[in-house]
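Participant: Provided below are the primary sequence and the corresponding predicted coordinates.
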Amino acid sequence: MAALDITADYLIETPLPPQQVAEVMAGEQSCGTFVRVAGETDDLRARARAQVLGVEELEPRAQPSLPNAWQQRQQIGGPYRRARVRIAYPVDNIGPNLPTLAATVAGNLYDLGEVTGLRLLDVQLPPDYRRQFELPRQGVAGTRRRSGVAQGALLGSIIKPNVGLSAEETAALVRRLCEAGVDFIKDDEVCSNPVHAPLAQRVRAVMREVRDYRQRSGRNVIVAFNISDDLDAMRRHADLVESEGGDCVMASLNWCGYSAIQSLRRSTPLILHGHRNGFGMMSRAPALGMDFKAYQALWRLAGVDHLHVHGLDGKFAESNEDVVQSARACLTPMAVEDAVLPVFSNGQWAGTVHATRRAVQGDDLLFLSGGGILAHPDGAAAGVTSLRQAWVAAQAGIPLLEQARSVPELQRAIDFFGAGKR
């Protein structure tokens, strides 16, 4: 492996010898194809061909994970061997080109006839190569600076109902959440520029309330406006948010695409809140897609500041272990000062705080609670108090129920949301 190689780890499943399939993968994603062709000289292969660095065979399976018409045509059957494969790709094949990087480490590999399963597990980049891409403009430090929250977890909420509120109704809810004491408020991923609350109207109405609250309280509340759209529109929306004194814009990464997010990053100094909705289609099948570790490595090259990781004991299918590993991946630098802020959300409330802090082993995270704040039986302010007191207890190593004896808002949250979930 050369010092300037990109390396990628895969899980593969195949009825063929795994070493043979790994070589097919390396050739397919660099200078080769299924047969050697004219012009594919030894010198060219030495310069441009990807190299198989290792193949570690795992337990086989009796049945294939995925259908495969190519293997049926070849009358190839099981058993289906599994292996972990590492491949090195020459940087010079790709250059500082994010879509081509993604096409190289993933791309047609998923369609190879030789495999009945393939999953991208991780991507490692040489530091000098990584620095040719965008870095987070704000990240953890910038988010803390803009929010005024120097220590502890940042606590936030989500605009609910997801859609249906007018611009003025949304602004009224933002005012209520600001007064309740949150640090951060975000749009839902399905609410960007609806007819009943056009984004331009919503930004102006919401920021009037945020500026008024900022002037009255001396506190800033960051609002992540969902500007997901075509690139030209996203740039216009980001400029409007900035002109209105806002701090943050949000985009649905998978649907906007690498190039659009990278270009947006270059055009705005605002916090870029990356929402991963749709990631489940890449991750839920164990032998297909990619792990979050690889996913976040690619998206961080676009310069996002925040990345969603779901939440512990939440409403989605992901395991707690996967959530924890995702958060830790976000906080692990790929180059100098490029860690991104992990965002915990979905079904989060005071009862998930202790486990979250233990998992992350610190407070550099954004903890979003929709129902845990807005559905608290004593109101949104009590919901925020329950969260803050749960974090105080977690930092001090005090059990949740013990803390609740002196904090009625926390006890009410436990009684309402379910002590069995704590």
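Facilitator: Everything's here; your move.

Participant: and the least confident helix or strand in the chain by mean pLDDT, how far out from the chain's middle?
Facilitator: When each helix and strand of the chain is scored by mean pLDDT, DSSP states H and E, helix 42-48 comes last, with a mean of 74. Its chain's average C-alpha position is 37 Å from that of helix 42-48, according to CA atoms, centre = their mean, to the nearest Å.

Participant: swap in stretch 266-276?
Facilitator: Per CA atoms, centre = their mean, the centroid offset for stretch 266-276 relative to its chain is 13 Å.

Participant: now do the same end-to-end measure for that stretch.
Facilitator: Terminal residues of stretch 266-276 are spaced 20 Å apart (CA to CA, to the nearest Å).

Participant: hmm, who's touching that stretch?
Facilitator: For stretch 266-276, contacts defined as CB atoms under 8 Å, 6 or more residues apart in numbering pick out 134, 136-138, 142-143, 146, 186, 189, 222, 224, 226, 235, 238-239, 241-242, 246-254, 261, 264-265, 295, 299, 303-308, 340, 343. To be clear about C-beta, it is placed using only N, CA and C from the backbone, and glycine gets the same treatment.

Participant: out of the residues you listed, which are inside helices?
Facilitator: In this view, the contacts of stretch 266-276 that belong to helices under DSSP state H are 142-143, 146, 235, 238-239, 241-242, 253-254, 261, 264-265, 295, 299.

Participant: and which of those residues is nearest to residue 31?
Facilitator: residue 295 (26.6 Å; CB to CB).

Participant: Quick check, pLDDT for the closest one.
Facilitator: Here the pLDDT value assigned to residue 295 is 98.

Participant: That one: neighbouring residues, count only.
Facilitator: Residues contacting residue 295 under the criterion other CB atoms under 10 Å number 22.

Participant: and if you look at residue 123?
Facilitator: Neighbourhood size, residue 123 [other CB under 10 Å]: 25.

Participant: so which strand or helix has the residue nearest to it when sequence neighbours are not counted?
Facilitator: Of all residues not flanking residue 123 in the chain, residue 297 sits nearest, at 4.5 Å (CB to CB, 6 or more residues apart in numbering). Element membership for residue 297, per DSSP states H and E: helix 292-300.

Participant: Residue 123 now?
Facilitator: Taking DSSP H and E as the criterion, residue 123 maps to strand 117-124.

Participant: so what secondary structure elements neighbour the next helix or strand after that strand?
Facilitator: Once the chain leaves strand 117-124, the next helix or strand it forms, by DSSP H and E, is helix 127-130. Using 3 or more CB pairs under 8 Å, 6 or more residues apart in numbering; DSSP states H and E, no helix or strand is in contact with helix 127-130.
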